[in-house]
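> quick one, what's the 3D model for this:
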Amino acid sequence: MKIEVYSDYVCPFCYMGKVVLDAVYYIQAISIIKIFLYSLLTYV
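As a prediction, the model looks like this:
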């Protein structure tokens with residue numbers, strides 16, 4: 001019996017999970033930047 005492992009195989013569900021996590025991260029980062037800019041504008 002021979003077992004071969006292909007390291008370049010990416011599980012599509014794992015990839016989608018990473019995409020979702022990245023999207024959540026960027027959405028949070030954008031909202032933090034917007035809050036920061038808003039506080040700068042209202043401070044002046």
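
> rest of the way, CA atoms for contacts and neighbours
Noted.

> ok, the residue nearest to the spatial centre of the chain to Leu37 distance?
Averaging the C-alpha coordinates of the chain gives a centre point, and the residue nearest to it by Cα atoms, centre = their mean is Asp22 (0.7 Å). Remark: distance between Asp22 and Leu37 (Cα to Cα, to the nearest Å) = 22 Å.

> also Met16?
In terms of Cα to Cα, Met16 sits 31 Å off from Leu37.

> which element is Glu4 on?
Per DSSP states H and E: Glu4 is located in neither a helix nor a strand.

> meant to ask about Ser39
With DSSP H and E as the test, Ser39 turns up in helix 12-43.

> where are the low-confidence patches of this structure?
Scanning the chain with the threshold set as pLDDT under 70 gives 5-13, 44.

> count the neighbours of Lys2 for me.
3 (other Cα atoms under 10 Å).

> same check on Ile33?
12.

> now do Ile35
12.

> from Val24, how far off is it?
17 Å.

> and for Ile30?
Taken as Cα to Cα, the span from Ile30 to Val24 is 10 Å.

> now swap in Met16 and tell me
Met16 sits 12 Å away from Val24, going by Cα to Cα.

> equivalent analysis for Lys34, please.
Distance from Lys34 to Val24, by Cα to Cα: 15 Å.

> before we move on, what about Ser31?
Taken as Cα to Cα, the span from Ser31 to Val24 is 11 Å.

> next one: Met1
In terms of Cα to Cα, Met1 sits 43 Å off from Val24.
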